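Asker: have a look at this prediction, sequence included:
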Amino acid sequence: MKTILFAIFLTLASSTNAEMVKVASPYSVDETLTRLETIVTGAGAKVFARVEHAKGAAKIGQDLAPMALLIFGKPQIGTPALQANPLTGVVLPARVLGYQDADGKTWLAYENPADMFAQFDIPADAPVVQKLTKVLAALTGKAVAP
């Protein structure tokens, strides 16, 4: 049991050092994530969930700035990572957070794939890391484009 808890701690500790990629959006959080969802499905990926953090907080009488998480993936992109190390299933499918900061600015944020996969001994120059890096940048870039 101690070994399992230690392994979980190491995984969580190493993932907290990951760089977050942030992309500014001229749209509201809702509109930005709706645009992203449309682009993701148009690219042939599947949207698994949209987790509405702010709406969840409101249900318990708490305030939270607009914030939601889009979870999506495409087997052609994620499967090579899972084959390299099944533990990558902890960080896959891809997740992009839409949120509003304290200044009212909307952002999309996601974990840098090179950092995300480093904890699983998948190097930054691995094809799966390069592909996911390009795909996330392209999808989020299109979502925030005027």
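Answerer: Everything's here; your move.
Asker: can you verify my assumption that V135 contacts I77?
Answerer: Yes. Assessed by C-beta atoms under 8 Å, V135 is found in contact with I77 at 6.2 Å. C-betas here are computed from N, CA, C, even on glycine.
Asker: for A49, give me its contacts.
Answerer: 69-71 (C-beta atoms under 8 Å, 6 or more residues apart in numbering).
Asker: do you know the pLDDT at it?
Answerer: Here the pLDDT value assigned to A49 is 97.
Asker: okay, and it sits in which element?
Answerer: strand 46-51 (DSSP states H and E).
Asker: each with direction, which strands does that strand pair with?
Answerer: strand 67-73 (antiparallel) (DSSP bridges).
Asker: pLDDT on the partner strand, on average?
Answerer: Mean predicted confidence for strand 67-73 is 98.
Asker: switch to numbering from 59
Answerer: Sure thing, new numbering starts at 59, so read that last one as strand 125-131.
Asker: tell me the bridge partners for L127.
Answerer: V109, L155.
Asker: and the residue most central in space within the chain, how far is that from K192?
Answerer: Among the residues of the chain, the one closest to the centroid is R153, at 2.3 Å (C-alpha atoms, centre = their mean). Distance, R153 to K192, by C-beta to C-beta, to the nearest Å: 17 Å.
Asker: do I97 as well
Answerer: For I97 relative to K192 (C-beta to C-beta), the value is 14 Å.
Asker: who has more neighbours, those two?
Answerer: I97 (17 against 12; other C-beta atoms under 10 Å).
Asker: contacting residues for the more buried one?
Answerer: I97 makes contacts with 197, 200-201, as judged by C-beta under 8 Å, 6+ apart.
Asker: can we see that at 10 Å?
Answerer: 103, 196-201, 203 (C-beta atoms under 10 Å, 6 or more residues apart in numbering).
Asker: confirm that A182 sits in a strand.
Answerer: No. Read with DSSP: H, G, I helix; E, B strand; the rest coil, A182 is coil and lies in no strand.
Asker: where's the residue nearest to it when sequence neighbours are not counted, which helix or strand?
Answerer: Using C-beta to C-beta, 6 or more residues apart in numbering and skipping residues adjacent in sequence, the residue nearest A182 is A172, 3.8 Å away. Following DSSP H and E, one finds A172 within helix 171-176.
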